[in-house]
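# Okay, sequence plus prediction incoming.
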Amino acid sequence: MKKRIDLLLVERGLADYVVTNDTDSLCFGTDVTVLLNFSQSRGTPILEINSRAVREAMELSRAEFVDMCILCGCDF
């Protein structure tokens, strides 16, 4: 599988987080993803999601988290 360059930078410690409008990046192993959603009519167009905190709160392993994302419609 070919990895995205932004995810490789985080994986190698060269970046702290990924900024994207694609929630699929949550499945690729980055702990912090900053989502940009400028199509929202109200609310905050920038949302930071800490996938590690979400996994811990839901008591899911990484594999279980990916499965849950796929069931929710992720194309991982």
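Arrived safely.
# where does residue 64 fall, phi/psi-wise?
Reported as degrees, to the nearest 10, the phi and psi values for residue 64 are phi -70, psi -40.
# Would you mind measuring from residue 51 to residue 61?
12 Å (C-beta to C-beta, to the nearest Å). Backbone N, C-alpha and C define where each C-beta goes, glycine included.
# Before we move on, what's the pLDDT of the spatially most central residue of the chain?
For the chain, the residue nearest the mean C-alpha position is residue 26 (1.9 Å; C-alpha atoms, centre = their mean). pLDDT, residue 26: 83.
# same check, this time on the one 3 residues further on
We note a pLDDT of 76 for residue 29 in this prediction.
# go on, residue 44?
69.
# With the one 5 residues further on instead?
Among the per-residue scores, residue 49 shows a pLDDT of 88.
# got the contact list for residue 50?
Contact analysis of residue 50 by C-beta atoms under 8 Å, 6 or more residues apart in numbering lists 31-32.
# Now with 10 Å, please.
17, 26, 30-33, 56-57 (C-beta atoms under 10 Å, 6 or more residues apart in numbering).
# Could you do residue 69 as well?
The contact partners of residue 69, by C-beta under 10 Å, 6+ apart, come to 23-24, 26-27, 51, 75-76.
# Residue 25 versus that one, what's the distance?
Between residue 69 and residue 25 the computed distance is 10 Å (C-beta to C-beta).
# Next: residue 71.
For residue 71, the distance to residue 25 - C-beta to C-beta - is 17 Å.
# Could you check which of those two has the larger neighbour count?
Higher neighbour count among residue 71 and residue 25: residue 25, with 24 against 8, using other C-beta atoms under 10 Å.
# So the more buried one, which state does it fall into?
helix (DSSP: H, G, I helix; E, B strand; the rest coil).
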